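Peer 1: Structure for the following, please:
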Amino acid sequence: MAKILVATEKPFAAVAVKGIREVVEGAGMELALLEKYTEKAQLLDAVKDADAVIIRSDKVDAEVLDAAKNLKIVVRAGAGYDNVDLDAATAHKVCVMNTPGQNSNAVAELAFGMMIMAVRNFYDGKSGTELMGKKLGIHAYGNVGRNVARIAKGIGMDIYAYDAYCPKEAMVADGVKPVDSAEELYATCNVVSLHIPATAETKNSIDYDLVNRMPKNGLLVNTARKEVINEADLLRLMNDRPDLKYVTDIMPAHHDEFADHFPGRYFSTPKKMGAQTAEANINAGIAAARQIVGFLKDGCEKFRVNKK
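Peer 2: Purely as a prediction, here's the structure:
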């Protein structure tokens, strides 16, 4: 009997675990839980006899893969998967998948919650501005970006997007204006919402020169990844341009410096909150379980993200 381990430092909601269990046990497999673990040694011990692992933001590196002698598949319940060492997984002949789209509405709604809070001056009692009629730039037009566009339409924003890997026709079909470069996006838009992954190409790419192209009173919203922001550059730019605001769902390494130097212009959630809704929790967890069953029973690799 195949053993499926759910290893979550930040556990799924109970209703999500119930749904995962129904999928796993309904397929004749065993479910094991490692929740709220505090040491890596606990994870190393738990994976020893697991055939499959479901994780959230938990790190799966070469050491974990070395310990998991029976492991065949790891599924990250969520879109991002930079917490998994893909090269090491390939070397261990382990398939890695994500669950794209399951958290996308939750992240998009949070992006707008932070936008509204920022343009209303963080609810300090003073007069703010509205989003209606403003130019919104969506940096990366994937599942989250599409949901951001959907919500922006309801608010009445003028929507632009840049994504080197998305056909412009798809954006136009959604009523979004495609632009030819990130530079053009930032120069055009009052608000830019970041949705790019953390890759060798994108790390530290959101830098002084790029963000400085934004019009006066620009707002940068980050619900993507901490690593894409060049924090030293952004600190310097916000010092040079007191009109800019930055809100993020990923607490910067220099959080204290941002908070101390830019009160009323900066906000960070205490931990990544984008996918922290009951609905996203359930959707991603159950999708991960179904993908594992499909892989182990039928060899389905639809959402594989690493090389064979």
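
Peer 1: Flag the shaky bits of the chain, pLDDT-wise.
Peer 2: Nowhere does the chain drop to pLDDT under 70.

Peer 1: Let me see the ranges of the strands in it.
Peer 2: Counting by DSSP state E, the chain has these strands, from start to end: 3-8, 30-35, 52-55, 73-76, 95-98, 135-139, 158-162, 177-178, 191-194, 219-222, 245-248, 266-268.

Peer 1: Mind giving me the packing neighbours of the first one?
Peer 2: In this case it means strand 3-8. helix 14-26, strand 30-35, helix 40-46, strand 52-55, helix 278-298 (3 or more C-beta pairs under 8 Å, 6 or more residues apart in numbering; DSSP states H and E). (Each C-beta comes from the backbone N, C-alpha and C, glycine too.)

Peer 1: ok so, going back, and the strands of the chain: which comes nearest Ala16?
Peer 2: strand 3-8 (9.4 Å; C-beta to C-beta).

Peer 1: Pull that closest one out as CSV, backbone CA atoms only.
Peer 2: Extracted in CSV, the C-alpha atoms of strand 3-8 (Å, rounded to 0.1, in the frame of the first residue of the first chain):
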residue,chain,number,x,y,z
LYS,A,3,2.0,5.8,1.8
ILE,A,4,1.2,9.5,1.3
LEU,A,5,2.7,11.9,3.8
VAL,A,6,1.3,15.4,4.4
ALA,A,7,4.2,17.3,5.8
THR,A,8,3.2,20.8,6.8
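
Peer 1: List the neighbouring strands of it plus their orientation.
Peer 2: strand 30-35 (parallel), strand 52-55 (parallel) (DSSP bridges).

Peer 1: Specify the stretch among the helices and strands packed on strand 3-8 that is closest to Val75.
Peer 2: helix 278-298 (4.1 Å).

Peer 1: what number of residues lie near the closest residue to Val24 other than its chain neighbours?
Peer 2: Nearest residue to Val24, sequence neighbours excluded (C-beta to C-beta, 6 or more residues apart in numbering): Leu31, at 4.4 Å. Using other C-beta atoms under 10 Å, Leu31 is surrounded by 17 other residues.

Peer 1: Quick check: Leu31 touching Glu25?
Peer 2: Yes: Leu31 lies in contact with Glu25 (C-beta atoms under 8 Å); the separation is 6.2 Å.

Peer 1: give the contact list for Ala187.
Peer 2: Arg213, Met214, Pro215 (C-beta atoms under 8 Å, 6 or more residues apart in numbering).

Peer 1: now do 6 Å
Peer 2: Arg213 (C-beta atoms under 6 Å, 6 or more residues apart in numbering).

Peer 1: ok, it to Met214 distance?
Peer 2: Ala187 is 7 Å from Met214, where distance means C-beta to C-beta, to the nearest Å.

Peer 1: repeat for Met238
Peer 2: 11 Å.

Peer 1: right, and Val119 touches Ser127 too?
Peer 2: No: under the criterion of C-beta atoms under 6 Å, Val119 is not in contact with Ser127, lying 10.8 Å apart.

Peer 1: which of those two has more neighbours?
Peer 2: Val119 (18 against 6).

Peer 1: Spatially, which residue comes closest to the spatially most central residue of the chain, not counting chain neighbours?
Peer 2: Centroid-nearest residue in the chain, with C-alpha atoms, centre = their mean: Ala224, separated by 4.8 Å. The shortest distance from Ala224 to any non-neighbouring residue, by C-beta to C-beta, 6+ apart, is to Leu194 (4.5 Å).

Peer 1: Just grab the bridge partners of the one you found for me.
Peer 2: His139, Asn222.

Peer 1: Next, find the distance separating it from Thr202.
Peer 2: For Leu194 relative to Thr202 (C-beta to C-beta), the value is 10 Å.

Peer 1: The two - which one has more neighbours?
Peer 2: Leu194 (24 against 18).
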